[in-house]
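Engineer: Kindly return the folded structure for what I paste below:
(2 chains)
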Protein chains: 2
Amino acid sequence: MLPGAVDQQEMIPSKKNAVLVDGVVLNGPTTDAKAGEKFVEEACRLIMEEVVLKATDVNEKVCEWRPPEQLKQLLDLEMRDSGEPPHRLLELCRDVIRYSVKTNHPRFFNQLYAGLDYYSLVARFMTEALNPSVYTYEVSPVFLLVEEAVLKKMIEFIGWKEGDGIFNPGGSVSNMYAMNLARYKYCPDIKEKGLSGSPRLILFTSAECHYSMKKAASFLGIGTENVCFVETDGRGKMIPEELEKQVWQARKEGAAPFLVCATSGTTVLGAFDPLDEIADICERHNLWLHVDDLLKKCYCAKASYLFQQDKFYDVSYDTGDKSIQCSRRPDAFKFWMTWKALGTSGLEERVNRALALSRYLVDEIKKREGFKLLLEPEYANICFWYIPPSLREMEEGPEFWAKLNLVAPAIKERMMKKGSLMLGYQPHRGKVNFFRQVVISPQVSREDMDFLLDEIDLLGKDM
Amino acid sequence: MLPGAVDQQEMIPSKKNAVLVDGVVLNGPTTDAKAGEKFVEEACRLIMEEVVLKATDVNEKVCEWRPPEQLKQLLDLEMRDSGEPPHRLLELCRDVIRYSVKTNHPRFFNQLYAGLDYYSLVARFMTEALNPSVYTYEVSPVFLLVEEAVLKKMIEFIGWKEGDGIFNPGGSVSNMYAMNLARYKYCPDIKEKGLSGSPRLILFTSAECHYSMKKAASFLGIGTENVCFVETDGRGKMIPEELEKQVWQARKEGAAPFLVCATSGTTVLGAFDPLDEIADICERHNLWLHVDDLLKKCYCAKASYLFQQDKFYDVSYDTGDKSIQCSRRPDAFKFWMTWKALGTSGLEERVNRALALSRYLVDEIKKREGFKLLLEPEYANICFWYIPPSLREMEEGPEFWAKLNLVAPAIKERMMKKGSLMLGYQPHRGKVNFFRQVVISPQVSREDMDFLLDEIDLLGKDM
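Structural biologist: Numbering: from 1, shown residues only, chains lettered A, B, ... in the order given. Here you go, the predicted model:
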């Protein structure tokens, strides 16, 4: 018999007071809790064995690449009229694990992942099991207090006297909140009246900023054309003089500057905008300054929107909650658990080690033949080219760059098919395709940095 | 020794090639995987015992109520400089579980929860362990195919020939997407130009709609004043004639109607707007029709934004992804797992049983002294008053209603402190505080319905 349904034929005679409405037996429950519990137990064992215990093993593959059509054949995705038995569901779980990319793997460098954090994982398992929804103290007493404690500690840590915030489901959403707050500050009436008839609002960010700024401007009705990109220097930092020039220009055109989005740690180059000078300009022109804070990346937590001094946020004025979502996950809880487990000093050590490892990798890149830094890194983002032997003697002219542009994608394809590591690449503002390594995982060692360069060389040396 | 850090003093002598950069040993890893794995294993056992195995036990308390200041004393929330050892973290986990509201409990009726779904829980554990981020096939091959399969099946199920969609982190976000899509349809230029200088956009929804509509209008720059609330009939359904009248009125005022948000299953009363008549009006006036679909509630999945025929969604035109978030969780996966486990017929049975149980509860309310329905329910939302003995002989005048208004909050306080069940109450459009029960959980039986009414009577009979 399938879990999820108790045989009703069997139930009826045993229940003296069986109640039927429209042919449905209402005595209950209908779900077979024992079978369900057993399934959860077995699945947890599978997750433990196939995901958790293998997570730190560098001999495991980072991915088991299959093209979409082939993967569809391998997986049994179809939802049928009848349910599938538990042993079949466990097989499906096994396949899902097998063909999923191992983002916990010490050699998964494709995005900003920091390996498997055991404490955060436990907090997330707890969250899923307890299934809370953070909107009222009545329903989420513990998680609301946890969030308050984490925010208080973070505000204190930064050295501020007061502040407020919420944890959000990601950086893009956080940037939208920032834009919405700045707009409210500029003109509170917009909340009720909308933007129709208001002056043309305009915001400034660096040409290196995260693409979510344009999304946010589109979504909030500000318009992507009203995102003004300020030129950066050779290191990817916003040039303050250029910012002020653009603010004047916007005013001259009759637009209404309201916001500067600075970045501490740009996505690609890891550049830090000069905040002091930008803050001075914001003060002179009465602009809201938002900083897309790198803290979230350092601390391996989901992005949080933090530290706005203005506590007003009340777009949802009929309930008083601060979020654009009605219910949300207690994202602060996993960060709290990790902080509890490591302590502030443990978190600090992680950051220091990541920076030391970055410096080690930079030195190795400089030492090794065929590797070339894009620029001297300021933080943990290391951007570099691999130049295969056939290009090493070539003059750095158009032909060289055109050929080099093809190298990173070809190496990426080979590493995906081999499954030995995953590393991202991209072109960026006139620079042809290069690799980007961001060192943030505490599971990563010198050996992994050596492996990264050895493997790229191994995969690309015949090119 | 704490997990999370291997004693570096011990490591140095054993490593012949120890590499130090700025005093940090880079040989690694520094994290103690064995200790971490053990912690996860023990935490999983705790979660299994304290959450999963107790979830269906009606003898467990639904909540262990403590006021905020007292709960802060009971929990050790502070994050310190040093980390805490695993056994201490497990104690914390135990406390978190103890004082959290048991949303899985068969007698948690406070919000739209459907008990513990074992299949969805396993899918969510898998998700947290694998930690995917659904943005590219490269990084999330399995989960992207799962989402595609679920959407395809849902579109087919509804009987449509084509469609597209994504799973979102909630209903509020889904409504924002709908509004953004409608705006794009009305005038694609708004994406680039913004709303400044555009006509005053205006949208229509029923006076019973979810409050997220006003939030969305505020966030998107449309303005809360431009959400026009259409009058409803006695059952909470939008009156089509009133809608058309308001559309004409808006046009007369020079505003630009662009969207009607109809609701299939309003939050409080569970009313269904007359979609056919509303669709005719939308066609006549060239308005986008969005339906806040109840499907998501029936199917116990997180809300999804679904079935827009228009595939354009490209606010993020530089990457082509469809979401306002850059990375997101594979929410389709848990729905897929449940669908796989129960089959379409199993899901259908759940819906039928919930409706039958609703009818049973309605009959009981009618039979029992001291219970009074607000109105005959159309679906699974059952709104009712409990009238304590002292009010039963009183005339239904202002004094009666003023006194009755205090009854539900007082009973709610008693049930929270006792921990025997949780049920929501609210006033609504001139009706004083009443209880609202929405029957959706497959774990719930006739016995729970009886208990609900018995317990309310027990808690309120001295009032």
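
Engineer: In the stretch 201-350 of chain A, what residue spans correspond to helices?
Structural biologist: Listed in chain order, the helices of the stretch 201-350 of chain A (DSSP state H, counting those that start in this stretch) span A:212-219, A:240-252, A:275-285, A:295-298, A:331-367.

Engineer: among those helices, which is the most enclosed?
Structural biologist: helix A:212-219 (a mean of 26; mean count of other Cβ atoms under 10 Å in any protein chain shown). No exception for glycine: its C-beta is placed from N, CA and C like everyone else's.

Engineer: Contacts for that one next, please.
Structural biologist: A:171-172, A:175-176, A:179, A:203, A:205, A:222-224, A:226-227, A:261, B:176, B:180, B:191-192, B:194, B:219-220, B:315-316, B:318, B:324, B:326 (Cβ atoms under 8 Å, 6 or more residues apart in numbering or on different chains).

Engineer: which of the helices of the stretch 201-350 of chain A has the lowest average pLDDT?
Structural biologist: Mean pLDDT values for the helices of the stretch 201-350 of chain A show the minimum at helix A:295-298, a mean of 38.

Engineer: Checking the residue lying closest to residue A:122 once chain neighbours are set aside next. Helix, strand or coil?
Structural biologist: Leaving aside its sequence neighbours, residue A:122 sits nearest to residue B:43 (Cβ to Cβ, 6 or more residues apart in numbering or on different chains; 4.2 Å). Under DSSP: H, G, I helix; E, B strand; the rest coil, the three-state class of residue B:43 is helix.

Engineer: Tell me, how many residues neighbour residue B:43?
Structural biologist: The number of residues packed near residue B:43 is 23, by other Cβ atoms under 10 Å in any protein chain shown.

Engineer: Out of the helices of the stretch 201-350 of chain A, flag the one nearest residue B:269.
Structural biologist: Nearest to residue B:269 among those is helix A:212-219; the distance by Cβ to Cβ comes to 31.0 Å.

Engineer: could you check the angle helix B:212-219 makes with that closest one?
Structural biologist: Computed by axes from the mean of the first three to the mean of the last three Cα atoms, to 10 degrees, the angle separating helix A:212-219 from helix B:212-219 equals 110 degrees.

Engineer: pLDDT score for the closest residue to residue A:444 other than its chain neighbours?
Structural biologist: Among residues not flanking residue A:444 along the chain, residue A:106 sits closest, at 5.6 Å (Cβ to Cβ, 6+ apart). Here the pLDDT value assigned to residue A:106 is 92.

Engineer: show me the contacts for residue A:106.
Structural biologist: Counted by Cβ under 8 Å, 6+ apart, residue A:106 has contacts A:56, A:58, A:115, A:441, A:443-445, A:448, B:29.

Engineer: now with 10 Å?
Structural biologist: Residues in contact with residue A:106 (Cβ atoms under 10 Å, 6 or more residues apart in numbering or on different chains) are A:55-58, A:60, A:62, A:115-116, A:421, A:441-445, A:447-448, A:451, B:28-29, B:31.

Engineer: before we move on, back to that, now list the buried members of the contacts of helix A:212-219.
Structural biologist: A:171-172, A:175-176, A:179, A:203, A:205, A:222-224, A:226-227, A:261, B:176, B:180, B:191, B:194, B:219-220, B:315-316, B:324, B:326 (16 or more other Cβ atoms under 10 Å in any protein chain shown).

Engineer: picking up where we left off before, next step: the contacts of residue A:106 restricted to helices.
Structural biologist: A:447-448, A:451 (DSSP state H).

Engineer: Kindly indicate the member of those residues with the most neighbours.
Structural biologist: Busiest of those [other Cβ under 10 Å] is residue A:448, holding 21 neighbours.

Engineer: so how far is residue B:21 from that residue?
Structural biologist: The spacing between residue A:448 and residue B:21, counted by Cβ to Cβ, to the nearest Å, is 14 Å.

Engineer: just residue A:63 next, same as before
Structural biologist: 30 Å.

Engineer: And those two? Which one has more around it.
Structural biologist: residue A:63 (24 against 19).

Engineer: Mind pulling the model confidence for the more buried one?
Structural biologist: On pLDDT, residue A:63 comes in at 95.

Engineer: next one: residue A:116
Structural biologist: We have a pLDDT of 94 for residue A:116.

Engineer: how about residue A:394, what does it touch?
Structural biologist: Residue A:394 touches A:387, A:400-401, A:403-404, counting by Cβ under 10 Å, 6+ apart.

Engineer: Residue of the stretch 1-150 of chain A nearest chain B, please.
Structural biologist: As assessed by Cβ to the nearest Cβ, chain B sits closest to residue A:28 within the stretch 1-150 of chain A, at 2.5 Å.

Engineer: Run through the residues that contact that residue.
Structural biologist: Residue A:28 neighbours (Cβ under 10 Å, 6+ apart): A:6, A:11, A:15, A:19, B:106, B:353, B:357, B:441-449.

Engineer: for the stretch 51-200 of chain A, what spans make up the helices?
Structural biologist: For the stretch 51-200 of chain A, the helices defined by DSSP H, counting those that start in this stretch occupy A:68-74, A:86-99, A:118-130, A:141-158, A:171-186, A:190-193.

Engineer: Give the buried residues for the second one.
Structural biologist: Buried residues in helix A:86-99, counting neighbours by 16+ other Cβ under 10 Å, are found at A:86, A:89-90, A:92-93, A:95-97, A:99.

Engineer: Which ones among the ones in helices among the contacts of residue A:106 also lie next to chain B?
Structural biologist: Contacts with chain B within the ones in helices among the contacts of residue A:106, counted by Cβ under 10 Å from any Cβ of the partner chain: A:447-448.

Engineer: Residue B:291 versus residue A:335, what's the distance?
Structural biologist: For residue A:335, the distance to residue B:291 - Cβ to Cβ - is 37 Å.

Engineer: Pipe the buried residues of helix A:86-99 into JSON lines and attach pLDDT per row.
Structural biologist: Below are the buried residues of helix A:86-99 laid out as JSON lines (pLDDT from 0 to 100):
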{"residue": "A:86", "pLDDT": "96"}
{"residue": "A:89", "pLDDT": "97"}
{"residue": "A:90", "pLDDT": "98"}
{"residue": "A:92", "pLDDT": "97"}
{"residue": "A:93", "pLDDT": "97"}
{"residue": "A:95", "pLDDT": "97"}
{"residue": "A:96", "pLDDT": "97"}
{"residue": "A:97", "pLDDT": "97"}
{"residue": "A:99", "pLDDT": "97"}
